[in-house]
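Chemist: quick one, structure for this:
(one chain, ligands or ions: 1)
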Amino acid sequence: MIVVLLGAPGSGKGTQAKFLSAKYGLVHLATGDIFRSEIAEKTPLGIKAQAYVKTGKLVPDDLVTEMVAARFNSNEGRYLLDGFPRNLAQAQSLSSILVHENLSIDLVVLLKISQELALERIISRRVCSQCGEVYNIQTKPALNGKCRTCGGDVVLREDDFEATARKRLMVFEDITRPMIAYYQSESVFREVDASRKPEDVNAALSMLIDSIFAKS
Ligand code: AMP
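Modeler: Below you'll find the model as predicted:
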């Protein structure tokens, strides 16, 4: 099963993807998380990607596509893509990768959210610098700046500063939004209102995935 989660930064892709991958046993492929860990480990890929991620720009397609292709393993076949594809060229590369792996997309879901709410969520977001647990200063605060799970420092992501967050939202509108049209005409495409509470979005997404399992 291949599920693709699309949505603006702040739409809750990461939160929903963690929940869904655990519930349905899908391999969670989150390109943003992979870049952040490669950057933290100062790998050659991380060094190349750093300046793009920090300034809210898209990392060049060849680096992203190569990284994603290397993580597909035909024996697996159950993936949840979070943050990829983000433009038309990447969507086309994904099709080629899937053909090569003899796989096809079962569901593409757009998490719909207004720009205002997305921005509010991004600038309220904090993350644990050690385990990556996500917090929100209003709805899920850390404990005196420390992670409730591992005790690590809970910080503002470098690309979540307001100016960079606004830029990422612009990149989504200008570059990713046109790609969504590529999927919109396909039968696997669905939309979910992501302005609701995470549990309600979880439930809506679970219903969509359950309906695919029921068909297969
Ligand atoms: P995210 O955590 O998904 O918001 O991604 C954080 C950053 O990683 C983005 O702002 C980009 O700099 C980079 N990134 C993640 N996924 C991609 C992608 N598919 N194409 C290009 N850049 C990406």
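
Chemist: and whichever strand or helix holds Val108, what's buried?
Modeler: For Val108, the host element (DSSP states H and E) is strand 107-112. By neighbour count on 16 or more other Cβ atoms under 10 Å, the buried set for strand 107-112 is 107-111. Yep, even glycine has a C-beta here, placed from its N, CA and C like the rest.

Chemist: residue of this protein nearest the ligand, please.
Modeler: Proximity of the chain to the ligand (Cβ to the nearest ligand atom) peaks at Gly32, 2.1 Å away.

Chemist: the closest residue to that residue other than its chain neighbours: neighbour count?
Modeler: The shortest distance from Gly32 to any non-neighbouring residue, by Cβ to Cβ, 6 or more residues apart in numbering, is to Gly83 (4.7 Å). For Gly83, the neighbour count with other Cβ atoms under 10 Å is 23.

Chemist: do the same with the one 4 residues further on
Modeler: Counted with other Cβ under 10 Å, the neighbours of Asn87 add up to 19.

Chemist: repeat that for the one 4 residues further on.
Modeler: Look at Ala91: counted by other Cβ under 10 Å, it has 19 neighbours.

Chemist: from what I see, it and Met179 are in contact.
Modeler: Yes: between Ala91 and Met179 there is a contact at 5.3 Å, judged by Cβ atoms under 8 Å.

Chemist: ramachandran coordinates for Glu191?
Modeler: The phi and psi values for Glu191, taken as degrees, to the nearest 10, are phi -130, psi 150.

Chemist: leaving out sequence neighbours, find the closest residue to it.
Modeler: Nearest to Glu191 is Leu110, by Cβ to Cβ, 6+ apart, at 4.7 Å.

Chemist: now do that neighbour against Ser195, distance only.
Modeler: Leu110 sits 13 Å away from Ser195 when distances are taken as Cβ to Cβ, to the nearest Å.
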